[in-house]
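Asks: Quick one: sequence plus predicted model below, questions after.
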Amino acid sequence: METQKKLDKNFSCEFFPPKTDKGMENLLSTAETLKNEINPEFFSVTFGAGGSTRETTFNAVTKIQQSTGCDVAPHLSCIGSSKQQLKDILDDYKNQGIKRIVTLRGDMPSGTVSQSDFNYANELVGFIRDNYNDQFHIEVAAYPETHPQAENANQDMLNFKNKVLSGADSAITQYFYNIDSYFYFIDNCEKAGLDLPIVPGIMPITNYSNLARFSDMCGAEIPRWLRRKLESYADDTDSIKEFGADFVSSMCQKLLEMGAPGLHFYSMNQSEATLKIWNNLKL
Ligand code: FAD
């Protein structure tokens, strides 16, 4: 029964491309540990704003694929790149046997202006479908708490629908700490006639100030009670980690029990926090 429960769900882990050889060595060791413990459906590797990690993302994808034998899904964002540049990257991935792409608009690094042939993720989704048929499983991003630059929540949902109808197979959400927002979003997708797996993105809690800064930037809300609780630990990192693991594990448990199709862990290239949650879930 337990095994069946695990088999029904898809688990994945996200990395960012390291800048140094040492960072790559650590990442490969993290990937090996996560593979042995979680055996994820795939690992994914982010793509720096405006195409800034084009080579390092490709290298990380190739190395993780070779060393773990797992499927690896590169992220690819269209802002700041021309159609031809995107096509070159996609061709390289096709030749590398990559089967899944996390397809995004992305953001430009502040103050940078660069020519883009596509303005929104749905255009890149359509481009991949038109040019590569079913070569790639297309993942897109979803925002249960609404994308921070959206005109309003309803328009964001219409834009999400448009992106899915352009050819997406499944979606991964921005992280959240309020499960109502996720299930409300799922209900709205169903009402809009969308029938695709939408996997919650899970951000382990290990450090309060970094999490608060990052959440403000990406529009993920930390509920007031949770902020106050985390603030009360001040610099006591061990307690933050312990409380964070308990809280996020119980959130994941509820998500899975209430029908979420899996979990996508934002691992931050570390295995410890993700594995604590994983082990608490006793899958
Ligand atoms: P879109 O789906 O294009 O949406 C962006 C905004 O435009 C939304 O407000 C939407 O409502 C609006 N919009 C969409 N279509 C239209 C339209 N036709 N007309 C008007 N408005 C429209 N960033 C990175 O730089 N690298 C990464 O590797 C990366 N990985 C991510 C992975 C996940 C799972 C998630 C959730 C986010 C990731 N991001 C990454 C962040 C993401 O790039 C940003 O949130 C970005 O601002 C939006 O990208 P998107 O693909 O969601 O954009």
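Replies: Sure, I can see it.
Asks: CA only for contacts and neighbour counts going forward, please
Replies: Fine.
Asks: Show me what from the chain comes close to the ligand.
Replies: Proximity of the chain to the ligand, by Cα under 6 Å from any ligand atom, involves residues 46-49, 75, 104-107, 120-121, 141-142, 147, 149-150, 156, 159, 172-174.
Asks: Using neighbour counts, trim those to the buried set.
Replies: Among these, those classed as buried by 16 or more other Cα atoms under 10 Å are 46-49, 75, 104-106, 120-121, 141-142, 147, 156, 159, 172-174.
Asks: coming back round to it: out of the residues of the chain next to the ligand, which sit inside strands?
Replies: Within the residues of the chain next to the ligand, membership in strands is found for His75, Leu104, Ala141, Ala142, Ile172, Thr173, as judged by DSSP state E.
Asks: Nearest to Gly201 among those residues?
Replies: Set against Gly201, the nearest of those by Cα to Cα is Thr173 (4.9 Å).
Asks: In terms of secondary structure, what does the top helix by length along the chain contact?
Replies: Ordering each helix of the chain by length in residues (DSSP state H) puts helix 237-257 first. Under the contact definition 3 or more Cα pairs under 8 Å, 6 or more residues apart in numbering; DSSP states H and E, helix 237-257 sits against helix 272-281.
Asks: Am I right that Ser12 falls within a strand?
Replies: Yes: going by DSSP: H, G, I helix; E, B strand; the rest coil, the assignment for Ser12 places it inside a strand.
Asks: list the contacts for it?
Replies: Neighbouring residues of Ser12 by Cα atoms under 8 Å, 6 or more residues apart in numbering: Pro40, Glu41, Phe42, Phe43, Ser44, Leu263, His264, Phe265.
Asks: out of those residues, which are inside strands?
Replies: Restricting the contacts of Ser12 to those inside strands, with DSSP E as the criterion, leaves Phe42, Phe43, Ser44, Leu263, His264, Phe265.
Asks: so which two of the residues you listed are the farthest from each other?
Replies: Ser44 and Leu263 (12.8 Å).
Asks: Mind putting the contacts of Ser12 into a markdown table with pLDDT, neighbour count and distance to Ala234?
Replies: What follows is the contacts of Ser12, written out as a markdown table (pLDDT from 0 to 100; neighbours: other Cα atoms under 10 Å; distance: Cα to Cα, whole Å):
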| residue | pLDDT | neighbour count | distance to Ala234 |
| --- | --- | --- | --- |
| Pro40 | 98 | 18 | 34 |
| Glu41 | 98 | 16 | 37 |
| Phe42 | 98 | 18 | 35 |
| Phe43 | 98 | 25 | 33 |
| Ser44 | 98 | 26 | 32 |
| Leu263 | 98 | 22 | 29 |
| His264 | 98 | 24 | 28 |
| Phe265 | 98 | 24 | 25 |
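Asks: so which of those residues comes closest to Lys83?
Replies: Relative to Lys83, the closest of these is Ser44; by Cα to Cα it sits at 22.4 Å.
Asks: The closest one contacts Glu14, correct?
Replies: Yes: counting by Cα atoms under 8 Å, Ser44 does reach Glu14; the two are 4.6 Å apart.
Asks: which residue lies farthest from the center of the chain?
Replies: Counting by Cα atoms, centre = their mean, the extreme residue of the chain relative to its mean C-alpha position is Ser232, 28.9 Å from that point.
Asks: pLDDT value on it, please?
Replies: Among the per-residue scores, Ser232 shows a pLDDT of 97.
Asks: how about it, what does it touch?
Replies: If you count contacts by Cα under 8 Å, 6+ apart, Ser232 has none.
Asks: again, but for Thr46
Replies: Each residue near Thr46 by Cα under 8 Å, 6+ apart is listed here: Glu14, Phe15, Phe16, Pro17, Thr57, Pro74, His75, Leu76.
Asks: Let's have the residues you listed in JSON lines, adding pLDDT.
Replies: Listed next are the contacts of Thr46 as JSON lines, based on pLDDT from 0 to 100:
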{"residue": "Glu14", "pLDDT": "98"}
{"residue": "Phe15", "pLDDT": "98"}
{"residue": "Phe16", "pLDDT": "98"}
{"residue": "Pro17", "pLDDT": "98"}
{"residue": "Thr57", "pLDDT": "97"}
{"residue": "Pro74", "pLDDT": "98"}
{"residue": "His75", "pLDDT": "98"}
{"residue": "Leu76", "pLDDT": "98"}
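Asks: Many thanks, we can stop here.
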